[in-house]
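Chemist: Give me coordinates for this.
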Amino acid sequence: MIPHEPETLSSRSEERADTLQEFFHRPLFLSLTIGVPFCIFKLLFGLAVVQAHPPGMVWMAGTGWLIICWSLLDLGMNSGRIAYDLLGRQAPFEYCTIAQIGRYFHRPVVFLAFDTLLTFTIICTMLWSGWITLLSRPELQLWYAATTLNLISLSLVVLYNEIRHS
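Modeler: Purely as a prediction, here's the structure:
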């Protein structure tokens with residue numbers, strides 16, 4: 001029996017690692033650490049666009065409101081994914097509206113990647129335009145919380161994967 005002990009310990013360790021890996025792929029984790037923060041970035045960007053629009057540029061305010069609606073729709077979809085996951089069911093929809101459009105083309109992951117690119121562009125626009133200074137203190141705290149949650153969780157997943165594969 002003694003020769004089998006290391007194998008048993010190793011298999012238990014692998015089971016725990018697989019459980020953690022599975023958790024990182026669950027809609028609950030993905031929505032809370034990526035989807036919801038991305039919705040917050042979109043929402044705050046939309047608010048900044050509405051606030052930043054100069055008089056006479058009504059189209060800019062309208063664009064801001066469209067971005068706000070987009071963010072809220074995505075937030076609803078992520079909340080739905082969380083609920084379905086907690087109920088142990090597969091959601092009949094994607095994480096965001098753009099990925100949902102991609103589902104019709106049988107390419108939701110490609111469209112999800114495009115949504116990620118747009119969100120990163122929004123983050124950069126907020127920072128480089130200086131519009132981040134338009135946010136109120138509570139809005140800034142929400143921005144910081146979304147950034148922290150998103151970056152820390154990404155770092156934890158990368159660190160876990162590197163430890164697991166080394």
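Chemist: lowest-pLDDT helix or strand in the protein?
Modeler: Lowest mean confidence among the helices and strands of the chain (mean pLDDT, DSSP states H and E): helix 5-25, at a mean of 70.
Chemist: And the helix or strand just after it, what's buried?
Modeler: For helix 5-25, the following helix or strand on the C-terminal side (DSSP states H and E) is helix 27-30. Burial within helix 27-30, assessed by neighbour count using 16 or more other Cβ atoms under 10 Å, is assigned to P27, F29, L30. (Each C-beta comes from the backbone N, C-alpha and C, glycine too.)
Chemist: ditto for stretch 113-121
Modeler: Across stretch 113-121, burial judged by 16+ other Cβ under 10 Å covers F114, D115, L118, T119.
Chemist: do stretch 151-162 as well
Modeler: Of the residues in stretch 151-162, those scored as buried under the neighbour-count criterion (16+ other Cβ under 10 Å) are S153, V157.
Chemist: pLDDT of it, averaged?
Modeler: Mean pLDDT, taken over the full extent of stretch 151-162, equals 90.
Chemist: and what of stretch 73-89?
Modeler: What stretch 73-89 shows for mean pLDDT is 98.
Chemist: buried residues in it?
Modeler: D74, L75, M77, N78, G80, R81, I82, Y84, D85.
Chemist: Looking at the residues you listed, which one is closest to L149?
Modeler: Comparing those against L149 with Cβ to Cβ picks out N78 as the nearest, at 12.8 Å.
Chemist: How about the closest one: what's its closest non-neighbour residue?
Modeler: Distances taken as Cβ to Cβ, 6 or more residues apart in numbering put G35 closest to N78, at 3.7 Å, once the chain neighbours are dropped.
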